[in-house]
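Asks: Predicted model and sequence follow; I will ask about them next.
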Amino acid sequence: MSKIQINGYDNLNKVGMTKAIHLNTSFNLKQSKYFTDTLLVECSVEIDLTENINVMKLLSALKAENARVEFVE
């Protein structure tokens, strides 16, 4: 399964990242906040790509919030 890996950030907009995940995936707000919180603690987090995720919009939205993102297979 392909994944998006967020492996750091520069001046991260935490609320924006949570909203970016919430709006472009099927994750609810609590689940989306979990990804943001995990990134802040562990400096890396992965999101599995399922068919209901708009990958291009998600990547673009995360980059707009200053997250360092890469596509991993």
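Replies: Nice, I can see it.
Asks: Residue 27 in helix, strand or coil?
Replies: Using DSSP: H, G, I helix; E, B strand; the rest coil, the structure places residue 27 in coil.
Asks: Would you confirm that it contacts residue 21?
Replies: Yes: judged on Cβ atoms under 8 Å, residue 27 makes contact with residue 21 at a distance of 5.9 Å. Every residue, glycine included, has its C-beta placed from N, CA and C.
Asks: What residues of the helix or strand hosting residue 6 count as buried?
Replies: Assigned by DSSP states H and E, residue 6 belongs to strand 3-9. By neighbour count on 16 or more other Cβ atoms under 10 Å, the buried set for strand 3-9 is 4, 6, 9.
Asks: circling back to that earlier point, which neighbours do residue 27 and residue 21 have in common?
Replies: Residues within reach of residue 27 and of residue 21 at once, by Cβ atoms under 8 Å, 6 or more residues apart in numbering, are residue 35.
Asks: Have a look at those two and say which one is more surrounded.
Replies: Taking neighbours as other Cβ atoms under 10 Å, residue 27 and residue 21 compare with residue 21 leading, 27 against 18.
Asks: what kind of secondary structure is the residue nearest to the spatial centre of the chain in?
Replies: In the chain, the residue lying closest to the centroid (Cα atoms, centre = their mean) is residue 21, at 5.2 Å. Following three-state DSSP, residue 21 is assigned to helix.
Asks: Next up, the contacts around it.
Replies: 27, 32, 35, 36, 47, 58, 62.
Asks: Make TSV out of the buried residues of strand 3-9 and add pLDDT and distance to residue 17.
Replies: Below are the buried residues of strand 3-9 laid out as TSV (pLDDT from 0 to 100; distance: Cβ to Cβ, whole Å):
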residue	pLDDT	distance to residue 17
4	93	12
6	96	8
9	94	8
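Asks: Could you find the closest non-adjacent residue to residue 1?
Replies: Excluding the flanking residues, the one nearest residue 1 by Cβ to Cβ, 6 or more residues apart in numbering is residue 48, at 5.5 Å.
Asks: Looks like that neighbour contacts residue 26 (just checking).
Replies: No: checked against Cβ under 8 Å, the pair residue 48 and residue 26 is beyond contact range at 11.1 Å.
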